[in-house]
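What follows is a protein structure lacking sequence information:
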């Protein structure tokens with residue numbers, strides 16, 4: 001009887017896992033979202049490092065500014081009111097570079113993107129766009145509002161991976 005119950009539980013678990021995992025699931029970010037994007041000058045390791053550093057610095061600043069916003073119009077106001085602040089950050093971060101930057105808040109084209117098995121549709125999205133130099137390198141992007149990427153800015157660098165264990169799997173391995 002125990003084996004039958006375990007087999008049924010294992011079957012139900014596999015069915016649930018199979019239905020939750022959908023490879024290449026397409027996701028449409030809602031129109032009420034604001035994205036943040038940083039385009040690197042090139043794909044050289046140096047330019048990619050610069051892009052990552054600037055993206056992290058800007059994310060931290062944006063987190064502090066947007067963490068208490070309640071709706072998209074409030075988030076838009078905060079972004080618009082802090083463009084001079086963003087320019088100051090970028091000016092400081094790029095002062096030793098041989099190329100300049102541009103920053104723009106508005107509608108920008110985004111290519112289709114696959115991230116962790118999820119496909120994000122291409123299209124024009126409201127976004128804060130930072131272009132470094134020629135902007136021909138790989139980009140960093142995330143969603144500012146609702147604050148999907150800003151939660152990452154709150155985390156520290158010393159986080160560790162979480163290991164998940166399945167109670168049912170442990171029982172099956174123990175008895176089979």
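On my side now, so go ahead. Model, not experiment: these values are computed from the prediction.

so how many other residues sit close to residue 45?
8 (other Cβ atoms under 10 Å). C-betas here are computed from N, CA, C, even on glycine.

same deal with residue 135?
Residue 135 is flanked by 18 other residues according to other Cβ under 10 Å.

That one sits in which helix or strand?
Using DSSP states H and E, residue 135 sits in no helix or strand.

before we move on, what about residue 84?
Assigned by DSSP H and E, residue 84 falls within helix 83-93.

Counting by contacts, list what that helix packs against.
Under the contact definition 3 or more Cβ pairs under 8 Å, 6 or more residues apart in numbering; DSSP states H and E, helix 83-93 sits against helix 45-66, strand 101-110.

Tabulate the ones you listed (TSV), appending mean pLDDT and distance to residue 137.
Converted to TSV, the helices and strands packed on helix 83-93 look like this (pLDDT from 0 to 100; distance: least, Cβ to Cβ, whole Å):
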stretch	mean pLDDT	distance to residue 137
helix 45-66	95	5
strand 101-110	95	13
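
Next, format these as TSV and append distance to residue 78.
As requested, these are exported to TSV (distance: least, Cβ to Cβ, whole Å):
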stretch	distance to residue 78
helix 45-66	5
strand 101-110	11
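
Can you say which of these is nearest to residue 80?
Residue 80 sits nearest to strand 101-110 of all those, at 6.6 Å, using Cβ to Cβ.

buried sites along that closest one?
Neighbour-count burial for strand 101-110 flags 101, 105, 108, 110 (criterion: 16 or more other Cβ atoms under 10 Å).

swap in stretch 137-148?
For stretch 137-148, by 16+ other Cβ under 10 Å, it's 137, 139-147.

Poorly predicted segments of this structure, please.
Counting by pLDDT under 70, the chain contains low-confidence residues at 1-31, 115-116, 148-176.
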